[in-house]
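> Okay, sequence plus prediction incoming.
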Amino acid sequence: MDSVSRKSKLKGVLYIIRKGCLTNLSRISWQAKLYLILNPLPPAGFPIFGPENAPYPSTSIPSQHYLLMKHLSVIILFLSLLSSCGKSDKKAGAPSGATSGKAALSVTAVEGFVAKPSVLTERVTASGNLIPAEETELHPEASGRVVRLNLPEGRLVRKGDLLLKIFDGDLKTQLKKLETQLKQAEITEQRLSELLKVKGVAQQEYDLAVLQTQTFQADIELLRVNLSKTELRAPYDGILGLRRISPGAYVTPATAITTLRSASALKLDFAVPEKYSQLLRIGQPLEFTVEGNDSKHKATVQATEQRIAEGSRDLQVRATVANSKGLLPGAFAEVSLALGNKAEALLIPSQAIIPQARDKKVILSKNGKAKFVVVKTGVRQAGMIEITEGIQAGDTICTTGMLFLRPDSGVTFSKVE
């Protein structure tokens, strides 16, 4: 390109900028832009001529306008270089992208599973605790010093056995006093009764003697009740826990002496999810195991709480253990409860489930293409999980290679079960 043509294009750029037609700047050659960057401010009255030597109206460009044109030219040149680099990168990266796309469409290390109806025993597994059929923390009814203690730790006691005796000397003395007064009041009442028959005494005097006798009798009964409170007896047959006091200790009704547990039977407490609450029945059998013992024990559902816990959304269940031999209260139990059978349940491998933030998905193969489907799950069983909604019998589900699959990508199975 000769110098005359270059000058013509440069003058055309200056004229376009002065007229405000900035949208046409991208059509100006890079030589003109570079000329504006490298050249200093032009002298006042610099003449402008149109491209191809076509004269435009002569004018002059002030210095501040020329500075603005120079800055705009720098920006345009930078954007042009950046655009050219981007195009070259795209061209250079095109073969790699195409290669990766082909790789993504040629996933062959995928195993499949055909969903088919099967019989499902709906079994719920829960954690529970063994508790005694009866358990009581024993406290004395009166305050005082312990004078007798009969607490064989870990031993069986019978109902009514004396376990603890509190000092009662003062109460016995009061009882003897009241018994003596009662005896004298009864003699007085008898004498007045004989005198009343012969009109030797007023009726009112006799009534006061009768009242006195009845008062002493009531006081004696109250004292005997207080004497019975100085004794602590076993309320039922059971095994005593560890004692918490020693002979001579001062106790009050707030003092815990020991714990008595029923030795006849144990109960099992556990919780099941809310969705199974309608399937439970009173008298329903179940099995459980405890730590350190692999043998299975049997129990029967006795009652439910009849209320769903708001925090856990579970239903509390209590069962009666059939044979408590070798079991201890408080032991952890793994409960297995069969709730019924489903003849047309769809089971798939658990690893086929793709957990999401709000739902779960599986990948189906439809006409050789991967389809991501939202599903709802039910009961889990030994590596399998029930699908209650989202797939149908006969659908082929991807169980491996799921990380390499994308929606509508090709699927080639290496193995189908």
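The structure has been received and is ready for your questions.
> contact partners of stretch 350-363?
Applying C-beta atoms under 8 Å, 6 or more residues apart in numbering, the external contacts of stretch 350-363 come out as 113, 348, 370-377, 380, 383-385, 387, 390-391, 397-400, 402, 405. (Each C-beta comes from the backbone N, C-alpha and C, glycine too.)
> make it 7 Å
Stretch 350-363 is contacted from outside by 113, 370-375, 377, 380, 383-385, 391, 397-399, 402, 405, using C-beta atoms under 7 Å, 6 or more residues apart in numbering.
> so for it, what's the average pLDDT?
Computed over stretch 350-363, the mean pLDDT rounds to 91.
> And for stretch 234-244?
Mean predicted confidence for stretch 234-244 is 92.
> again, but for stretch 390-406
Regarding stretch 390-406, the rounded mean pLDDT is 88.
> Could you pull out the buried residues of that stretch?
Residues of stretch 390-406 classed as buried: G390, I391, D395, T396, I397, C398, T399, T400, G401, M402, L405 (neighbour count, 16 or more other C-beta atoms under 10 Å).
> so how far is it from its chain's centroid?
Offset of stretch 390-406 from its chain centre (C-alpha atoms, centre = their mean, to the nearest Å): 29 Å.
> Ends of it, what's the gap?
One end of stretch 390-406 to the other measures 19 Å (C-alpha to C-alpha, to the nearest Å).
> who touches it?
Outside stretch 390-406, the residues that touch it by C-beta under 7 Å, 6+ apart are 104, 107, 109-117, 346, 348-349, 351-352, 354, 362-365, 370, 373-376, 411, 416.
> and if you look at stretch 248-266?
130-141, 143-146, 151, 156, 164, 166, 232, 234, 236-245, 320-321, 324, 327, 329.
> same deal with stretch 283-298?
Outside stretch 283-298, the residues within contact range by C-beta under 7 Å, 6+ apart are 128, 268, 299-301, 319, 321-323, 327, 331-337.
> And for stretch 156-171?
By C-beta under 7 Å, 6+ apart, the list of residues contacting stretch 156-171 from outside reads 140, 142, 144-151, 223, 226-227, 230-240, 251, 257, 263.
> tell me the domain ranges of this protein?
Domain assignment of the chain by automatic domain parsing yields the ranges 3-95, 107-120+343-416, 139-260, 261-341.
> Flag every buried residue along the lengthiest strand in the chain.
Counting residues, the longest strand found in the chain (DSSP state E) is strand 332-349. For strand 332-349, burial by neighbour count (16+ other C-beta under 10 Å) applies to A333, V335, L337, L339, K342, A345, L346, L347, I348, P349.
> partner residues bridging the last one?
The partner list for P349 in beta bridges (DSSP bridges) reads M384.
> again, but for the second one
For V335, the residues forming beta bridges with it (DSSP bridges) are A126, F288.
> and it, what does it touch?
By C-beta under 7 Å, 6+ apart, the contact set of V335 is T125, A126, G128, L268, F270, L286, F288.
> quick one: Q351 is in a helix?
Yes - judged by DSSP: H, G, I helix; E, B strand; the rest coil, Q351 forms part of a helix.
> Now do it against V375, distance only.
14 Å (C-beta to C-beta, to the nearest Å).
> These two: who's more crowded?
V375 (21 against 13; other C-beta atoms under 10 Å).
> How is that one assigned, secondary-structure-wise?
Classification of V375 by three-state DSSP places it in strand.
> again with A218
When classified by three-state DSSP, A218 comes out as helix.
> gap between it and Q181?
Distance from A218 to Q181, by C-beta to C-beta: 12 Å.
> what about the two, which has more around it?
Taking other C-beta under 10 Å, A218 and Q181 do not tie; Q181 has more neighbours (16 against 10).
> and the helix or strand hosting the more buried one, which residues are buried?
Using DSSP states H and E, Q181 sits in helix 169-197. For helix 169-197, a neighbour-count test (16+ other C-beta under 10 Å) marks L171, L175, L178, Q181, L182, A185, T188, E189, L192, L196 as buried.
> Which of those residues scores worst on pLDDT?
The lowest pLDDT within the buried residues of helix 169-197 belongs to L196, with 87.
> so what's that one closest to, chain neighbours aside?
Of all residues not flanking L196 in the chain, Y206 sits nearest, at 5.0 Å (C-beta to C-beta, 6 or more residues apart in numbering).
> Do I have it right that the one you found meets E194?
No - if you go by C-beta atoms under 7 Å, Y206 and E194 don't touch, sitting 10.0 Å apart.
> Kindly confirm my reading that A393 is in a strand.
No - counting by three-state DSSP, A393 is not part of a strand but coil.
> Low-confidence regions, the protein specifically.
Applying pLDDT under 70 to the chain picks out residues 1-108.
> Okay, helices next: where are they in it?
Secondary structure of the chain by DSSP state H: the helices cover 3-19, 30-38, 63-105, 169-197, 203-228.
> Quick check: closest non-adjacent residue to V411.
S365 is the one closest to V411 (C-beta to C-beta, 6+ apart), at 4.8 Å.
> how close does that neighbour sit to A115?
Distance, S365 to A115, using C-beta to C-beta: 12 Å.
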